[in-house]
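In: what follows is a predicted protein model with its sequence.
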Amino acid sequence: MRNYILTVVVLLCSFQISAQDLLAILDKETPKSENIVTATFKGTRIVNGHSIKNRKSKELEFIIAHRFGRVNTGFYELFGLDRANIRFAFEYGITDDLTAGLGRSSFEKTYDGYLKYALIKQKKGGHNFPFAVSLFGSVAAKSQKAVVGSERTFAESLYYVGQVLIAKKVNASFSFQITPTYVHRNLTAIPADPHDIFALGFGTRLKLNKRVSLNAEYYQQFDKLVSIAARNSLAFGVDIETGGHVFQIILSNAITMIEKSFITESTGNFFNGDIHLGFNLSRTF
């Protein structure tokens, strides 16, 4: 009887040790869970520029963007409301990570198209990664009729933009993004204007409550157009989420709304009152 009990104890101990070893092996070989960070920004734009947010697969978004004239033009121009620049666009989620967009601006009657791809996603948990990275590329074509004597070819009407969007959601209330940017124009207004302009964008989002956030955005140019005395783009916005769309109220020194324009062609001094009131309104289907 004593030998039988001893045998059982030995077998139980052996089984326990084997089970612990097996659990250790399974724990080592089982992929650690990962949590992808979402809602870094509420909309696809921080203010004027793109955020890392993509449309979901097969999701279609219609965007209307509007910028009025400068508020310091006074009562005669109704503080800029008599003048306006409009852009409307469609954006479609080809996949959860790839979004395509087409738009048209009244400024210079410009058509633009873009692709945005989520290359790396911010993750927390077992496979932690501290920030998200997306790639953005766009082409814009100016269709405004040229002045007699200054005709241009179609190729000379094209502009190209490439961006790397690097963003981090620090916590539930605060996110930021850094955006290295390259802009190329095939034709310049004067020989002194650079064909290639490099800029660095900075954007932030401060969430106030479930539906409202404050956004800010700034683009520092390292090469500037000299034909129009270009200034760096500065903008502030309020995001308001209402059901199926995000409404953005904007104050900016740029009256334009595509990258080749607001980054490189803004001329207003925000702190001298050269401020354009505007809005972005999006509806998702």
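Out: Okay, I see it.
In: quick one, what contacts Gln220?
Out: 199-202, 232 (C-beta atoms under 8 Å, 6 or more residues apart in numbering). Every C-beta, even on glycine, is put in place using the N, C-alpha and C of the backbone.
In: tell me which of the residues you listed fall in strands.
Out: Among those, the residues falling in strands (DSSP state E) are 199-202.
In: now the contacts of Gln220 in JSON lines, please, with extra columns for neighbour count.
Out: Listed next are those as JSON lines, based on neighbours: other C-beta atoms under 10 Å:
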{"residue": "Ala199", "neighbour count": "22"}
{"residue": "Leu200", "neighbour count": "14"}
{"residue": "Gly201", "neighbour count": "24"}
{"residue": "Phe202", "neighbour count": "15"}
{"residue": "Asn232", "neighbour count": "18"}
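In: residues in contact with the residue lying closest to Arg283 once chain neighbours are set aside?
Out: Nearest residue to Arg283, sequence neighbours excluded (C-beta to C-beta, 6 or more residues apart in numbering): His245, at 4.5 Å. Residues counted as contacts of His245 (C-beta under 8 Å, 6+ apart) are 281-284.
In: could you pull out the helices in the chain for me?
Out: With DSSP state H as the criterion, the chain has helices at 2-29, 259-262.
In: rank these by pLDDT, which is bottom?
Out: Lowest mean pLDDT within the helices of the chain: helix 2-29, a mean of 44.
In: residue ranges with poor pLDDT in the stretch 151-285 of the chain?
Out: Applying pLDDT under 70 to the stretch 151-285 of the chain flags residues 244.
In: what count of nearby residues applies to Tyr146?
Out: Not Tyr; residue 146 is Ala. Using other C-beta atoms under 10 Å, Ala146 is surrounded by 11 other residues.
In: so what's it up against?
Out: Taking C-beta under 8 Å, 6+ apart, one finds Arg152 in contact with Ala146.
In: about what we covered before: okay, and which of the contacts of His245 map to strands?
Out: Those of the contacts of His245 lying in strands (DSSP E): 281-284.
In: any idea how far the residue nearest to Arg283 is from Phe41?
Out: For His245, the distance to Phe41 (C-beta to C-beta, to the nearest Å) stands at 15 Å.
In: what average pLDDT does stretch 124-144 get?
Out: pLDDT averaged over stretch 124-144 gives 92.
In: list the buried residues in it.
Out: Of the residues in stretch 124-144, 131-134, 136, 138, 140, 142 count as buried by neighbour count, 16 or more other C-beta atoms under 10 Å.
In: nearest to Lys56, of those residues?
Out: Of all these, Ser134 has the smallest distance to Lys56: 14.6 Å, by C-beta to C-beta.
In: quick check, Leu60 in contact with Glu91.
Out: Yes: between Leu60 and Glu91 there is a contact at 7.4 Å, judged by C-beta atoms under 8 Å.
In: who's more crowded, the two?
Out: With neighbours defined as other C-beta under 10 Å, Leu60 and Glu91 compare such that Glu91 has more, 21 against 12.
In: excluding residues flanking it in the chain, which one is nearest that one?
Out: Using C-beta to C-beta, 6+ apart, the nearest residue to Glu91 is Gly101, at 4.1 Å.
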